[in-house]
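A.B. asks: sequence first, predicted coordinates after that:
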4 protein chains.
Amino acid sequence: MAEITRFNRKQMQESGYLFSVEFAVRDYECDIQGVVNNANYQHYLEHARHEFLISKGISFARLHEEGLDLIVTKVEIEYKNPLKSRDRFIVTVNVHKEGNIRIVFLQEIFRLPDMKLVVRARVTGAAIKKGKPVYPGEVISKLGLE
Amino acid sequence: MAEITRFNRKQMQESGYLFSVEFAVRDYECDIQGVVNNANYQHYLEHARHEFLISKGISFARLHEEGLDLIVTKVEIEYKNPLKSRDRFIVTVNVHKEGNIRIVFLQEIFRLPDMKLVVRARVTGAAIKKGKPVYPGEVISKLGLE
Amino acid sequence: MAEITRFNRKQMQESGYLFSVEFAVRDYECDIQGVVNNANYQHYLEHARHEFLISKGISFARLHEEGLDLIVTKVEIEYKNPLKSRDRFIVTVNVHKEGNIRIVFLQEIFRLPDMKLVVRARVTGAAIKKGKPVYPGEVISKLGLE
Amino acid sequence: MAEITRFNRKQMQESGYLFSVEFAVRDYECDIQGVVNNANYQHYLEHARHEFLISKGISFARLHEEGLDLIVTKVEIEYKNPLKSRDRFIVTVNVHKEGNIRIVFLQEIFRLPDMKLVVRARVTGAAIKKGKPVYPGEVISKLGLE
């Protein structure tokens, strides 16, 4: 995943992250080892992406009514350091376009207040209409990726 | 919850349980204490109820298309003994009618193979049509509760 | 659960709730029906209780090191109105002592901003030392329940 | 993730998968879209890996007592087709060694009975002793990867 790291660092340096959400770990998200279960980071990442899309005026519900569904086609997550019960953290979101079909989200989770890197992720999304991939013009436009 | 216990024991003695599903604890269902998180027992109970209803030919999806929704209005759970990682267990289901509107599920979870009681629960359900409680005739009939 | 309702209303009127935490529904907490899955309300209630106990200086970790474990022995939840994706809500906590052994939490969930009642719950806890129920003197004292 | 696909297909053709577990989707694992929430596939993959390790005589608990922890350092998941409520499926596990430190699990999820590919995953693990990566000799040996 060298490529992700490179891209992310460059993007971060140039622009900082576009969007972030702050969370705190809840006890029920931790597992026997006393740290957040790996799958729960995916929940955090998803929640931050959805908040980001909504902040850009992109409504899943309205798109769905118009027959357009946004789906995740690939997730890559590097686990760097674990979060523990009650840790506060932020989940960041960056986004870019890949080819004509794919939207790629670069996301990182940093523990607060020391900004230690917890997770680095690359989430690839696509738009589907009647089961076929389509160019999500309105989404691309609202994300400023044209 | 003395009433539940009494009812349950009587019902169990008379008829045994109507239906059961066998599960095994998955590691991600356990929390920091090394036992299944309390909320996850509700998942187990729900899954067993749904399997029971399906076994009786009751389809949520078809009822929903006909405008009828089955909802849970009350849950009472007594925690007797915890389950640990990889424990096998069964979830039982009994059902009776309460008044003209409510369907009450009596459920128990027993650890295998020693049949130690883990959880005893009483789950009250109702049927809703256009936001109002209705008599779920077909459901009552399929459950043999007329 | 008439008793709970009565107690709760009386207690609320006299003292208001002792403690509350604000949440917002995350998409992954909703199920096929588009509303928060019943078990997730139990997660919300647990998180609010833990935050409450910590606000009172009660540390699960330290108690555990001293051999004392706080456990939930019974949960009663009445589901009044569902929460949907992105709804904001508060979870309240009240607490009282029942006999010499049990601590009872009365909790409610209200949707924001209209304060519509979502869930009313009664959660019974006990303290265990070497597998036996004990009088949790320090906890009772810190909760001001002597 | 072209490399994964290639490796996986080759490995599968040569040897079939080493291990598999059968599951059925539970309703609470589905989200608003009526399909299994993306993070839950990670739960399925984790459960199958743990069952695989146990089948090889590798106990997390005993390793932990000896000061050795197995952790996931990277997860890559390609989502090919969604699972719906009550779908049955198998999760497969293959494993190989990468360098001297990393153990790589190649996993796939296939819907039953049509064996449609649902998810393809590559999960990288490492062993940690006192916070430092170490060569997990016993694990490598029990997995037959020497």
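C.D. replies: Received the coordinates, thanks.
A.B. asks: next, the buried residues of stretch A:90-97.
C.D. replies: Across stretch A:90-97, burial judged by 16 or more other CB atoms under 10 Å in any protein chain shown covers A:90-95. For the C-beta atoms, the positions are set from N, CA and C on the backbone; glycine is no exception.
A.B. asks: check these and tell me the two furthest apart.
C.D. replies: Using CB to CB, the buried residues of stretch A:90-97 span at most 16.5 Å, a distance reached by A:90 and A:95.
A.B. asks: closest one of the buried residues of stretch A:90-97 to chain D?
C.D. replies: Using CB to the nearest CB, residue A:91 comes nearest to chain D of the buried residues of stretch A:90-97, at 13.7 Å.
A.B. asks: that closest one - nearest residue in space that isn't next to it in sequence?
C.D. replies: Once flanking residues are discounted, residue A:91 sits nearest to residue A:48: 3.8 Å by CB to CB, 6 or more residues apart in numbering or on different chains.
A.B. asks: now whichever strand or helix holds the one you found - C-alpha only, PDB.
C.D. replies: Following DSSP states H and E, one finds residue A:48 within helix A:38-55. Output of helix A:38-55 as PDB, limited to C-alpha atoms (Å, rounded to 0.1, in the frame of the first residue of the first chain):
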ATOM      1  CA  ASN A  38     -10.900  -4.000  14.000                       C
ATOM      2  CA  ALA A  39     -14.300  -3.900  12.300                       C
ATOM      3  CA  ASN A  40     -15.400  -1.000  14.300                       C
ATOM      4  CA  TYR A  41     -12.800   1.300  12.700                       C
ATOM      5  CA  GLN A  42     -14.700   0.600   9.500                       C
ATOM      6  CA  HIS A  43     -17.900   1.900  11.200                       C
ATOM      7  CA  TYR A  44     -16.000   5.100  12.300                       C
ATOM      8  CA  LEU A  45     -14.700   5.600   8.700                       C
ATOM      9  CA  GLU A  46     -18.200   5.100   7.200                       C
ATOM     10  CA  HIS A  47     -19.800   7.500   9.600                       C
ATOM     11  CA  ALA A  48     -17.200  10.200   8.800                       C
ATOM     12  CA  ARG A  49     -17.700   9.700   5.000                       C
ATOM     13  CA  HIS A  50     -21.500   9.900   5.300                       C
ATOM     14  CA  GLU A  51     -21.200  13.100   7.400                       C
ATOM     15  CA  PHE A  52     -18.800  14.500   4.700                       C
ATOM     16  CA  LEU A  53     -21.100  13.700   1.800                       C
ATOM     17  CA  ILE A  54     -24.100  15.200   3.700                       C
ATOM     18  CA  SER A  55     -22.000  18.400   4.300                       C
END
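A.B. asks: that one to helix D:38-55, inter-axis angle?
C.D. replies: Angle of helix A:38-55 versus helix D:38-55, following axes from the mean of the first three to the mean of the last three CA atoms, to 10 degrees, is 170 degrees.
A.B. asks: in the helix or strand that helix A:38-55 is followed by, what's buried?
C.D. replies: Counting by DSSP H and E, the element after helix A:38-55 in chain order, helix or strand, is helix A:60-65. Neighbour-count burial for helix A:60-65, counted by 16+ other CB under 10 Å, picks out A:60, A:63.
A.B. asks: what about helix A:60-65, average pLDDT?
C.D. replies: When pLDDT is averaged over helix A:60-65, the result is 79.
A.B. asks: so which other helices or strands are in contact with that helix?
C.D. replies: Packing partners of helix A:60-65 (3 or more CB pairs under 8 Å, 6 or more residues apart in numbering or on different chains; DSSP states H and E): strand A:68-79.
A.B. asks: and the residue of chain A most remote from its centre, what does it touch?
C.D. replies: In terms of distance from the mean C-alpha position of chain A, residue A:32 ranks first, at 26.1 Å (CA atoms, centre = their mean). Listed by CB atoms under 8 Å, 6 or more residues apart in numbering or on different chains, the contact set of residue A:32 reads B:27, B:30-32, B:34, B:85.
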